[in-house]
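Undergrad: okay, structure incoming, though there's no sequence with it:
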């Protein structure tokens, strides 16, 4: 556990996990030309807004069509700040309510929903990073490691709704406890 649950802690951890999981597979240099254009767009948007517009070389440079939020790359860094801050708040609540797993399950469901479902922030490996984050949260708070559905379709059916996603994770933990008591 970190000394303090903060947005900076989650940002640093997720970026480190991205670097490790994509070493030799994918990196910002693969999209150097597109990233250069994105930085130019950010400079223009910064002048128009009168406020900084940051871009992260680990984050995607396109807008996914299959998400509900459809966060464009220029707003992704801002949305990730909200994500990291909310996840830190969920982790603080989970720690305060320990040993109850209710808030741990909520943090796991939120982390998975946002990283693998709605924000899809990473250049590559959103599913891998979501799994690492979920497993880390479970292990950190002493919850069983979830045993995910054998079918990706079951997982995808829950990814649009946080309440359904919480129930999905509760089922994944129940299944893990039954199969590995």
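TA: Nice, I can see it. No experiment lies behind these values; they were computed from the predicted model shown.
Undergrad: what's the residue closest to the geometric middle of the protein?
TA: Closest to where the C-alpha atoms of the chain average out (Cα atoms, centre = their mean) is residue 115, at 3.0 Å.
Undergrad: assign that one to helix, strand or coil.
TA: Of the three states, residue 115 takes helix under DSSP: H, G, I helix; E, B strand; the rest coil.
Undergrad: which residues does it contact?
TA: The contact partners of residue 115, by Cβ atoms under 8 Å, 6 or more residues apart in numbering, come to 14, 83, 121, 122, 126, 129, 130, 133. (Glycine included, C-beta is placed from N, CA and C.)
Undergrad: and the strands in the chain?
TA: For the chain, no strands are identified by DSSP state E.
Undergrad: return the helix or strand in it with minimum mean pLDDT.
TA: Counting by mean pLDDT, DSSP states H and E, the chain has its least confident helix or strand at helix 152-158, which shows a mean of 69.
Undergrad: my read: residue 173 touches residue 109, true?
TA: No. When contacts are counted by Cβ atoms under 8 Å, residue 173 is not listed as touching residue 109 (10.9 Å).
Undergrad: between those two, which has more neighbouring residues?
TA: Legend: neighbour count by other Cβ atoms under 10 Å for residue 173 and residue 109, higher for residue 109 (27 against 20).
Undergrad: could you tell me what pLDDT the model assigned to the more buried one?
TA: Predicted confidence (pLDDT) for residue 109: 95.
Undergrad: name the helices or strands packed onto the lengthiest helix in the chain?
TA: Ranked by residue count and defined by DSSP state H, the top helix of the chain is helix 73-96. In terms of contacts (3 or more Cβ pairs under 8 Å, 6 or more residues apart in numbering; DSSP states H and E), helix 73-96 is packed against helix 7-21, helix 32-49, helix 102-112.
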